[in-house]
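Q: A predicted structure for the sequence below; I have some questions about it.
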Amino acid sequence: MVKAVKGTIIECDTSVKQIIIGLNEKYQFIIEDLDDTHVYIDTTYVEQLRHDIDEILNENTYKVEEKEQK
Amino acid sequence: MSKFQTSIHEYLETLPEHTFNRLYQKPATCLAIFRLLPPLGKQIIMSCLYVDKPIPFNEMRLWFKDGAGITKQMEAMARLKALHIFTEQHNSYKMNPTFLQEFRNALTGGGNSESFGLATSTPDKHHVDIAFLDDYATKQWEAILHFMVGTTEGKPPCKGVLNLLGRSGLMTGGSNAQQAENMDAREFASQMARQDFGVPTITNKGFQFLLQDINTQVWAFLLQYLNMAESLNMDLVEVLTFFFQLGSLELGNDYSSEKLTPSQTHLLEDLKAYGIVYQRKRGSRRYYPTRLATTLTSGTPVMLGSHSNATKNGAAAAAAVRKTEEEEEDGHGFIVIETNYRVYAYTDSPLQIAVLNLFVHLRDRFPNMVTGVVTRDSIRRALSNGITAEQIITYLSAHAHAQMRKHSPVLPLTVVDQIRLWEIEKNRLRAAPSWNYSQFNRQQDFESTLEYASELGVVQWSDSKRKMLCITQEGHQPVGAYVRKLITKHKEQQAQQQQQAHQHQQQQHHHHATSVHS
């Protein structure tokens, strides 16, 4: 029997995909892990996910102006 | 991201035909709509204006060159048809008779010219000059913008403006609009200004609004007003007529407000608050249009000198006009941006500084300039406020200093590219609502569903090994129906097969029986 599930498809690069998998351990929002660059998730977590990924990526960015001020 | 309606065309095209027929009864409206048309549209109208018969399609086609010319003609005609200026009839274009009549009147000065505003017959004892009007318009308009960016400069705008800001979604309005309507203006303003109420927060739309040029801003405001007019039981046609009438008035002249309809008088009151018209006191018999009004339909950019400039040239009206023209030519430009991301803005207007502060990390402030840096953080802050990289770049190039304009391209490429990269970086994942189909029983069911969905163009992702596909929300209904049909067909087939098998068995049995019997 065919199963249809409503959700949100996320397209991203592989590094972001790994972060998503990491985050999934906390929230369990992944419905279906599609492939390296796609993942199918629960729609209610999309905004949360965006926010979290932004934060994680931000932590890992080299900032010029901070260095200038020091 | 939601975008606010900025173009009057878009708005007009949503109106029904009978509204247009009423609108076109005023020569001023015809002229204003004509002025808003692109050049080709104007040309077509001018060519047809004194032809009394409908123009056959193939005849009009002769006016244009083959190829590119025809597509341009089609675009222009689509526009004119949307505005109900032309209708198609028996393979020919027919001009709206009301429009034809009144537009001729507008050009030749026939008919009733009251729609162009009735000039007062007596001189005004308290006559005001253009410089004063410019100053007034600037002050009123900037007060609104100031309020939006949250600077304390100037007094808070009146209730009507606040209400409009809230309703248009430029700012998050009073926590509930119902309550706000029952409050008087002062209460409402203080309520809004109170920090704990948390109301005067500007929205994404508001940020985008600030980066537009002033003409777009005024139209955005007026369009919002139109949307509201319907709920206020004001006649849409009267409001629109008045807007277009304002566009045809002459700056520095005073006009009589006696012939206005009640809703137009009400409108005048509101427009006063935006700085679009000036009236010395409430209920005065005359009003002055300001530069904001007279440039509404002219298509030329409004250049209000920044506030400090306008007050300085309070001298002769002629001088004021010359001054603004100069400013227009010199460019309103005040921003210098270098390849090292440093920004120097030659301005002392708190408003411009506040706008810059949206996406520039400001460092130092001098009497006539501010300096700052465009940083990853400052751009990210802007991006998370809903401003797009494109809007920032447009704003920067529109306000680039004359020195910058000598270069081509105007803005340093490194900075422009970097701003775009920061935007891309922020959107590293694309999310789309979707339906996931899985657990197909048979490979051929999956393949045929996939084929059907690809024909519809709704496939987002598919994997034939795992027999799984993702389709868009729009695709869910047709594809779902298709899958159900597949399954029932399959079941029927199975049932048939079973039946056949059963019959076969019975037949065999029968054979067997007969043979035994014999």
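A: Thanks, I have it.
Q: what helix or strand is the residue most central in space within chain A on?
A: When C-alpha atoms, centre = their mean is applied to chain A, the residue found nearest the centroid is A:Ile20 (3.7 Å). In the assignment (DSSP states H and E), A:Ile20 maps to helix A:14-27.
Q: what residues are up against the closest residue to B:Ile419 other than its chain neighbours?
A: Distances taken as C-beta to C-beta, 6 or more residues apart in numbering or on different chains put B:Ala389 closest to B:Ile419, at 4.9 Å, once the chain neighbours are dropped. Placement of C-beta: from N, CA and C, glycine included. Going by C-beta atoms under 8 Å, 6 or more residues apart in numbering or on different chains, B:Ala389 touches B:379, B:383, B:419-420, B:422-423.
Q: so which residues on chain A come close to chain B?
A: Contact residues (C-beta under 8 Å from any C-beta of the partner chain) of chain A with chain B: A:1-13, A:16, A:20, A:31-32, A:34-35, A:38, A:40, A:43, A:46, A:49-50, A:53-54, A:57-58, A:61, A:63-65.
Q: buried only: go through these for me.
A: Buried members of the residues of chain A next to chain B, counted by 16 or more other C-beta atoms under 10 Å in any protein chain shown: A:2, A:7-12, A:16, A:20, A:31-32, A:34, A:38, A:40, A:46, A:49-50, A:53-54.
Q: from these, which land in helices?
A: Those of those mapping onto helices are A:16, A:20, A:46, A:49-50, A:53-54, per DSSP state H.
Q: now the host helix or strand of B:Leu421, how far from the centre of its chain.
A: Applying DSSP H and E as the criterion places B:Leu421 in helix B:413-426. Centre-to-centre, helix B:413-426 and its host chain are 25 Å apart (C-alpha atoms, centre = their mean, to the nearest Å).
Q: packing partners for the helix or strand just after that helix?
A: Toward the C-terminus, helix B:413-426 is succeeded by strand B:429-438 as the next helix or strand (DSSP H and E). Helices and strands touching strand B:429-438, by 3 or more C-beta pairs under 8 Å, 6 or more residues apart in numbering or on different chains; DSSP states H and E, are strand A:3-12, strand A:30-35, helix A:46-59, strand B:468-472, helix B:473-517.
Q: could those go into a markdown table alongside mean pLDDT and distance to B:Ala453?
A: Listed next are those as a markdown table, based on pLDDT from 0 to 100; distance: least, C-beta to C-beta, whole Å:
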| stretch | mean pLDDT | distance to B:Ala453 |
| --- | --- | --- |
| strand A:3-12 | 89 | 12 |
| strand A:30-35 | 89 | 16 |
| helix A:46-59 | 85 | 23 |
| strand B:468-472 | 90 | 5 |
| helix B:473-517 | 79 | 5 |
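Q: reformat those as TSV; add distance to B:Leu411.
A: Converted to TSV, these look like this (distance: least, C-beta to C-beta, whole Å):
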stretch	distance to B:Leu411
strand A:3-12	30
strand A:30-35	40
helix A:46-59	26
strand B:468-472	37
helix B:473-517	39
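Q: so B:Tyr452 makes contact with B:Val479?
A: Yes: contact between B:Tyr452 and B:Val479 holds when scored by C-beta atoms under 8 Å: they sit 6.7 Å apart.
Q: no more questions from me, cheers.
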